[in-house]
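**Q** predicted model follows, preceded by the sequence.
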Amino acid sequence: MPTVKMKVNGKPVTAEVEARTLLVQFLRENLRLTGTHVGCDTSQCGACVVHVNGKSVKACSMLAVMAEGCEVTTIEGLATGNTLHPMQQAFMDNHGLQCGFCTPGMVMTALDIVNRNGNELDEATVRKELEGNICRCTGYHNIVKSVRAGAKAMGSKS
Amino acid sequence: MSATQSGSAAGTGIGASVLRKEDRRFLIGKGRYTDDINVAGQTHAVFVRSPHAHATINSIKTDTARAAPGVVAVLTGTDLAADGIGPLICGVTVTSDDGQPHRAAVHPALAQGKVNYVGDHVAIVIAETYAQARDAAELVEVDYGILKAVTSTAHATDKGQQQIHDVAPNNMCFNWPFGDKAAVEAAFAKAHKVSSLDLVNNRMVTNPMEPRAALGEYNTGTEEITLHVTTQNPHVHRLVLSAFNQLAPEHKLRVVGPDVGGGFGAKIFIYAEELVVGWACRKVERPVKWTADRTEAFLSDAHGRDHVSKAEMAMDKDGNFLALRVMTNANLGAYLSTFATMVPSYLYAFLLAGQYRTPLIYSEVKAVYTNTSPVDASRGAGRPEATYLLERLVDVCAADMNMDPAEIRRKNFIPKDAFPYQTPVVQCYDSGDYEEALDKALILADYKGFPARAQAAKARGKRRGIGLSSYVEACGIAPSAAVGQLGGGVGLWESAQVRFNPTGNVQVFTGTHSHGQGHETTFAQLINELLGVPIENVEVIHGDTAKTQFGMGTYGSRSLAVGGVAIAKACEKLIAKGKKIAAHALEAAEGDIEFANGNFSVAGTDKAMNIAAVAFNAYVPHSYPAGLEPGFDENAFFDPLNFSFPAGTHVCEVEVDPDTGEVEIVKYSAVDDFGRLVNPMIVEGQVHGGIVHGIGQALLEGCRYDSEGQLLTASFMDYAMPRADNVPSFDVDYAPTVPIHNPLGVKGCGEAGAIGAPPAVINAIANALGIKHIDMPATPESVWRAANKAA
């Protein structure tokens, strides 16, 4: 079995995995980072979005061995101690989650949207950019509000 | 307009839009869903499923699979039967027109010689790793004798169709007439006008984002099974698995529904996989985990809707509704799921009065078996089907009578002074003001300004349409006596225990289950309001049969309307006991003790004692009323006196591109009556989600089987879920009335959007195109065809 090495949430990890192990399986099963979820098997739902070298990736569409040497950030890596990341806080403040299952992927995607589009986001941009993340609970209304508010808050922090 | 504006209360009690207590764990990745739980020695299970819709099983060869690397066991229906594990059950009896109970086909958890739908369970393969189990599952050889499949809802009972179950001739489960057929026919005979409509209520896959999962553990020492499972109702799971499936005695079975990633009905039911995992973990004496992948969810979750109907309304010359006649074929799938029979009968026909005075209603529901996944409750369950049929038909009536859709509704509304109002279809609506909701919705939607907007759209080559839907639903499920009379096998009360700890904080044990609804916050607000305890000192506990008293779970928008009242009743008991304790401590007469804002005080004095101090006295009863039990911990059960009847008017405005058939929802306004709102922020979130569920049904979602029973829409690639760019933001407001049967004045809000939205959307599209009808989902292709045919 191949050995894979990467940094996850700033910590170096090494493991032997079957070559066919998906990144999402590696995170959930090997590292027990269960905040990253699996909601489909066709890379449609976005519940498994993480960042690999700073860019959002659906962790079900990538083998663990492909992340060799990469820096991976998951939902568990965002908060600083007890302080939520501004995007996490925006989701809480705007009721951007209900059952919470799609939420980690939504938040990770939201950060990537901000990274690529800046802090002032209009509704149409956010809706278009969220196309790869499915939520069954919220009807998206409050997720869109959360992403826009979170983007703004990130801008005022930096 | 935002819901938070209508929550007037400051602070954290009833009416305050308090941020959710549960959010933090979900936002930092510390939610604990079933698949997130891992235990020592755990094995992994994969089910071998039928690739055929209808076939006999000639043989199952498992030797090769058993010998594969890592395999712990391969078990089939033979093993299950040998251990006396009973078939899955349907808990509600419907009496067919021949006076006989519905024809119930035996529903084995692992196939016994025959499979009846693609995805039907044939064997379970258990291995050390998931990959090994999946590999070995491919090595199970099943020799099938393929039979013809039945898939059509409309034609399942036609002569010459393949028979699915011997017990159900012509694939008929039940034929259920309801109402005075002769009186309705007489009304039709003398009607000025009869409007009629043929329509399909498209089959939906409920698709909560967390796929179903189960983790079974058997303790050889205590002989107890612990089953973690994606459930909306852990005690109902335990009861059925124990009493009907003989999995284990109730006291030796613990069912835990931990964090559950959405349910919408799909996680009410007791499924084959859950039973088999519970049984298998004892058999192999190892923990067994199974988690569905999405395609398995499509194949084996109970689906929703799937009706084919003819609806007719008789009217007088002024457009008054005289009588309604409805003929419906309802597809129940290959077997009866847990509550399947109730959905197209009691939850459907009893809602056909809608908001109207229609004096005579007759319906006939033919429930049929097909070689498809079982069909059961899905967000709204029966009520969306009734509402869609009625609200579409009302628009056809308006067109036939040359009346404005808003005015024909207004004309036929049950007036606000007629409540409580006995409908001709069993339900007695306890409160409502339908005209107020309509008026508010028309203003919110700027209905008057629509013609100008339509003109402007026309100039841009677009066609703009506006559609109304005035719905009523019955939720707060349900008075137990009524459930019993209707053939239900359970009571639908709810339970609560409110426990003060000696240090003054509170644990609330509820029999309901939260899987996105925010009970941990809403119920804490109730405690804050009723007992004056800060919400940060309240913990709501649910979902574990080892922790909470028996409870019925969450569905039918019942958690606050039934479960919330049980909490309030427990609070009343605490206050009554607290008065005795405070009277003793404050050296006053019990009758002089008042309770407000968390303090027991002696009327007319400044002598007072906080409820936390009372709780401490109750646990350290050194100086205590003689004869009073120690402890500050009360239990209550509440059986509702009636359903609750949320209602409202939704207005949808669309713009159709006739060149592409694309429908854009440009404005959506909802005015609902949910009674009193405890947390307006959460309520508004439920409304948004429900509306998008309904828009999904109207525009995007359609579950399709081909004529051989293969599921063509078995992934998110083929089944179109609503996404962020398919829907707009919403304008939400309320027109509350006071439900006289609910002690908290609440009605329930979880299903309303999914009930109200589909007809509003389709009415808007029909209006835009100037057509009588278009079936759901109104995809770009079907809209384009309709636009270009009508043009």
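**A** Yep, that arrived.

**Q** can you pull out the helices in chain A?
**A** For chain A, applying DSSP state H gives helices covering A:23-25, A:86-93, A:103-117, A:123-129, A:141-157.

**Q** give the contact list for the residue of chain A found nearest chain B.
**A** Proximity of chain A to chain B (C-beta to the nearest C-beta) peaks at A:Gly35, 1.9 Å away. Placement of C-beta: from N, CA and C, glycine included. Going by C-beta atoms under 8 Å, 6 or more residues apart in numbering or on different chains, A:Gly35 touches A:74-76, A:104, B:28-31.

**Q** how does chain A divide up, domain by domain?
**A** As recorded under automatic domain parsing, the domains making up chain A are A:3-77, A:86-157.

**Q** OK, contacts around the residue nearest the centre of chain A?
**A** By C-alpha atoms, centre = their mean, chain A has its centre lying nearest to A:Met108, at 2.7 Å. By C-beta under 8 Å, 6+ apart, the contact list for A:Met108 reads A:49-51, A:56, A:73-75.

**Q** which stretches of chain A have low pLDDT?
**A** A:157-158 (pLDDT under 70).

**Q** repeat that with 50
**A** Low-confidence segments of chain A (pLDDT under 50): none present.

**Q** for the stretch 251-400 of chain B, what spans make up the strands?
**A** B:253-256, B:288-291, B:307-315, B:321-333, B:360-369 (DSSP state E, counting those that start in this stretch).

**Q** related to what we said a few turns ago, ok, which of the contacts of A:Met108 also contact chain B?
**A** When the contacts of A:Met108 are checked against chain B using C-beta under 8 Å from any C-beta of the partner chain, the ones in range are A:74-75.

**Q** dump the contacts of A:Met108 to CSV, plus neighbour count.
**A** Listed next are the contacts of A:Met108 as CSV, based on neighbours: other C-beta atoms under 10 Å in any protein chain shown:
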residue, neighbour count
A:Val49, 28
A:Val50, 28
A:His51, 22
A:Ser56, 22
A:Thr73, 19
A:Thr74, 24
A:Ile75, 29
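
**Q** for residue 33, which non-adjacent residue is spatially closest?
**A** By default, I'm working from chain A. The shortest distance from A:Leu33 to any non-neighbouring residue, by C-beta to C-beta, 6 or more residues apart in numbering or on different chains, is to A:Leu27 (4.6 Å).

**Q** sorry, should have said chain B
**A** Spatially, and ignoring its direct neighbours in sequence, B:Tyr33 is nearest to B:Asp259 (4.9 Å; C-beta to C-beta, 6+ apart).

**Q** got the contact list for the one you found?
**A** Here B:Asp259 is in contact with A:99-100, B:25-26, B:31-33, B:36, B:515 (C-beta under 8 Å, 6+ apart).

**Q** those residues, buried ones only, as a PyMOL selection?
**A** To isolate the buried members of the contacts of B:Asp259 in PyMOL, using 16 or more other C-beta atoms under 10 Å in any protein chain shown:
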select buried, (chain A and resi 99+100) or (chain B and resi 26+31+33+36+515)
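
**Q** pretty sure B:Ile124 is in a strand, no?
**A** Yes - assigned with DSSP: H, G, I helix; E, B strand; the rest coil, B:Ile124 falls within a strand.

**Q** specify the beta-bridge partners of it.
**A** Under DSSP bridges, the beta-bridge partners of B:Ile124 are B:Phe47, B:Leu75.
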